[in-house]
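Engineer: show me the folded form of this:
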Amino acid sequence: MSRPRINTPNARPRGGVLAVISLLMIGSAAIRIGLEAGPAFAKPAKPEAEHDEPAPSDTRDMQVLLTELLRREERVKQKEDMLRERENALKIAGQAIEMRMAALEEAEESLRTTLALADRAAEHDLTRLTDVYQNMKPKDAAALFETMDPTFAAGFLSRMSPDAAAGVLAGLSPEAAYTISVVMAGRNASAPQE
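Structural biologist: Numbering: from 1, shown residues only. Model prediction:
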């Protein structure tokens, strides 16, 4: 059962209201498009090249900046070159020092060897000379020791056997024997006891 539709004189048809609202919305959209698109259509389009080119003052600033950067780069290159030269000079100096140190070490070793040979030769000579003095007659050896420096004579007497040294000392004058004995006794007086 459907209800019968009652037409009242004050009732409006529904289709008209929707049409009016639709027209208002379409008009509003057209006005918005016109307001927003109007300025875009009014300005002439600039060529692409004009957008890329900086203003003349910007060009001068960029030129100054570029010049300063190039100067700095040149200074940095000069400093790098100076540092490389110094590094090379230090390497050369280091190599020269190493060569000199090696030569000095070699010379030192050679000197040690020579001194050792000289010490052995001197010791050998002293031993032979001491043997000669020991084998001499005490009276003849005493005559030689009388003319020697007391320190030198004391060195030989201390190397001789006690019997041979006693024979030489007995043949010396009392002053010479005393002086040589004092030198011999004084040699070890300052040596540590323990």
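Engineer: who does the helix or strand encompassing S57 touch, helix- and strand-wise?
Structural biologist: Element membership for S57, per DSSP states H and E: helix 56-135. Where contact means 3 or more C-beta pairs under 8 Å, 6 or more residues apart in numbering; DSSP states H and E, helix 56-135 is packed against helix 138-147, helix 150-159, helix 162-171. For the C-beta atoms, the positions are set from N, CA and C on the backbone; glycine is no exception.
Engineer: so which of those gets nearest V64?
Structural biologist: For V64, the closest of these is helix 150-159, at 89.4 Å, according to C-beta to C-beta.
Engineer: now do the closest one, average pLDDT.
Structural biologist: Mean pLDDT, helix 150-159: 90.
Engineer: backbone phi and psi for M148, please?
Structural biologist: Taking degrees, to the nearest 10, you get phi -80, psi 160 for the backbone angles of M148.
Engineer: ok, back up a step: what separates the helix holding S57 from the chain centre, distance-wise?
Structural biologist: Put simply, helix 56-135 sits 14 Å off its chain's centre (C-alpha atoms, centre = their mean, to the nearest Å).
Engineer: what do you get for stretch 153-171?
Structural biologist: Remark: stretch 153-171 is offset 63 Å from the chain centroid, using C-alpha atoms, centre = their mean.
Engineer: and that stretch, end to end?
Structural biologist: 13 Å (C-alpha to C-alpha, to the nearest Å).
Engineer: list the buried residues in that stretch.
Structural biologist: Under the neighbour-count criterion of 16 or more other C-beta atoms under 10 Å, stretch 153-171 has 153-157, 159-160, 164-165, 167-169, 171 buried.
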